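Novice: Prediction below, plus the sequence it came from.
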Number of protein chains: 2
Amino acid sequence: MVATATTDRSIEIWFEFGSPYSYLSVMRIVELATAAGVRPSWQPFLLGPIFRELGWQSSPFLEQPEKCAYMWVDLARQCRKYGLAWTQPTVFPRLAVLPLRVALLCRDEPWIGDFCSGVMIQAFAQDRDVGLEAHVAEVLTVLEQPAASIIAAAQSDANKLALRHQTERARRLGIFGAPTFLVAGEIFWGNDRLDDALAFARER
Amino acid sequence: MVATATTDRSIEIWFEFGSPYSYLSVMRIVELATAAGVRPSWQPFLLGPIFRELGWQSSPFLEQPEKCAYMWVDLARQCRKYGLAWTQPTVFPRLAVLPLRVALLCRDEPWIGDFCSGVMIQAFAQDRDVGLEAHVAEVLTVLEQPAASIIAAAQSDANKLALRHQTERARRLGIFGAPTFLVAGEIFWGNDRLDDALAFARER
């Protein structure tokens, strides 16, 4: 078989701005995927409805004090390992519907990776409420994008519906947490599997 | 400060023979710890009582079909990555009280690592019931140990109580799953953190 130069190697990253482990992957994926010759495909979705359908009230971490306490220790350590800034959020989980709507609307824009990183830094390095319009606008403005019109489009009925459909798609794919990576139909769950998922994408 | 040649760098591995992710770590730890100059300290315990105290009926994986289905796919992939044999167990989770009692009784024996690997291979490479006395005896016999007397001592009231106490100790330490690594009071949860835990043990 002749290798095809046009092979489109891609990795879907399913993420939530409220998810601490999504923070790690959103901050890491562009550099790692670029090094692997793999294109990230950004797939924002709402974790809340998924968790509720799976029988949890909220984040599974909140269901267990031990696991939650460990999670914060682990995240601080992982951030040190990866050289990422970290501030434990004073509110958890934070609602991130607005930035998720913007991310979905703009997921094919060249600046989508920077937008996602910007929101994640607000959430997990600066302990800020990423659901606030002013904070979303701030990220867009830094990226020299027309914040007001993008936010208006993100809040349109069509785009609200699109995020609901995206979340239903996550459910149908069998996604039960974030981040989740999808490569050629194979699911890899968690920041700890990003390298495996990229290796799989590269070797296909 | 002068470095002390006698520094005892050790890593506690808290594990269960019924736990698939414990399989990965039990099979990997001796080689990795040796390379890191760290001594493994074997800490078998019962996961069942911990899970029940945390509000689960059984393994948290059984509470969710999606997560459980993913776990089997993930384990097969992880075993490929680490070069470990793998057969998805037809019964899950398997009760492993007897081999855990033996492991606790014999945890300071020079052959404890081989015993643990032997039981894990029965469980996750050969799909055999590791709770059966004949299977435990088989592992001990291969290691040229007096199986009958060890099993009798493992089943003594004193050793049964010791395993209950060990499990209560796990609970007090904040352990909520297996494998868990303990280094100088710091908890690292999951096979995915074995390398971090060893790095932490090495750098202390």
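Specialist: Thanks, I have it.
Novice: Just give the closest residue to A:Val73, not the sequence neighbours.
Specialist: Distances taken as C-beta to C-beta, 6 or more residues apart in numbering or on different chains place B:Ile187 nearest to A:Val73, at 7.2 Å, with adjacent residues excluded. (Each C-beta comes from the backbone N, C-alpha and C, glycine too.)
Novice: quick one: the one you found is in a strand?
Specialist: Yes - assessed with DSSP: H, G, I helix; E, B strand; the rest coil, B:Ile187 lies in a strand.
Novice: That one contacts A:Tyr70, correct?
Specialist: Yes - counting by C-beta atoms under 8 Å, B:Ile187 touches A:Tyr70, with 6.2 Å between them.
Novice: Touching both of the two, which residues are there?
Specialist: Applying C-beta atoms under 8 Å, 6 or more residues apart in numbering or on different chains, one finds that B:Ile187 and A:Tyr70 are jointly contacted by B:Gly174.
Novice: Flag every residue of chain A that's near chain B.
Specialist: A:54-55, A:63-64, A:66-67, A:69-70, A:73-74, A:77, A:81, A:174-177, A:186-190, A:192-193, A:196 (C-beta under 8 Å from any C-beta of the partner chain).
Novice: mind running it again at 10 Å?
Specialist: When proximity is defined as C-beta under 10 Å from any C-beta of the partner chain, chain A approaches chain B at A:50, A:53-56, A:60, A:63-71, A:73-74, A:77-78, A:81, A:171, A:173-177, A:180, A:186-193, A:196, A:199-200.
Novice: For PyMOL, write a command that selects the buried ones of those.
Specialist: Only the buried entries of these go into this PyMOL selection, using 16 or more other C-beta atoms under 10 Å in any protein chain shown:
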select buried, chain A and resi 50+54+56+60+63+64+66+67+70+71+74+77+78+173+174+175+176+177+180+187+188+189+190+191+192+193+196+199+200
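Novice: Sitting in helices, which of the residues of chain A next to chain B do you find?
Specialist: A:50, A:53, A:65-71, A:73-74, A:77-78, A:81, A:171, A:173, A:196, A:199-200 (DSSP state H).
Novice: where in chain A is pLDDT low?
Specialist: A:1-7 (pLDDT under 70).
Novice: how about the strands in it?
Specialist: Under the criterion DSSP state E, chain A carries strands at the ranges A:10-15, A:39-44, A:180-183, A:186-189.
Novice: any idea how far the first one is from the chain center?
Specialist: The reference is to strand A:10-15. Centroid separation between strand A:10-15 and its chain, computed with C-alpha atoms, centre = their mean, to the nearest Å, is 8 Å.
Novice: what packs against it?
Specialist: helix A:20-36, strand A:39-44, helix A:47-53, helix A:112-124, helix A:157-173, strand A:180-183, strand A:186-189, helix A:194-203 (3 or more C-beta pairs under 10 Å, 6 or more residues apart in numbering or on different chains; DSSP states H and E).
Novice: Could you tell me how many residues sit around the residue lying closest to A:Ala170 once chain neighbours are set aside?
Specialist: Of all residues not flanking A:Ala170 in the chain, A:Phe45 sits nearest, at 4.5 Å (C-beta to C-beta, 6+ apart). A count of nearby residues for A:Phe45, using other C-beta atoms under 10 Å in any protein chain shown, gives 26.
Novice: Having no further points to raise, I will conclude here.
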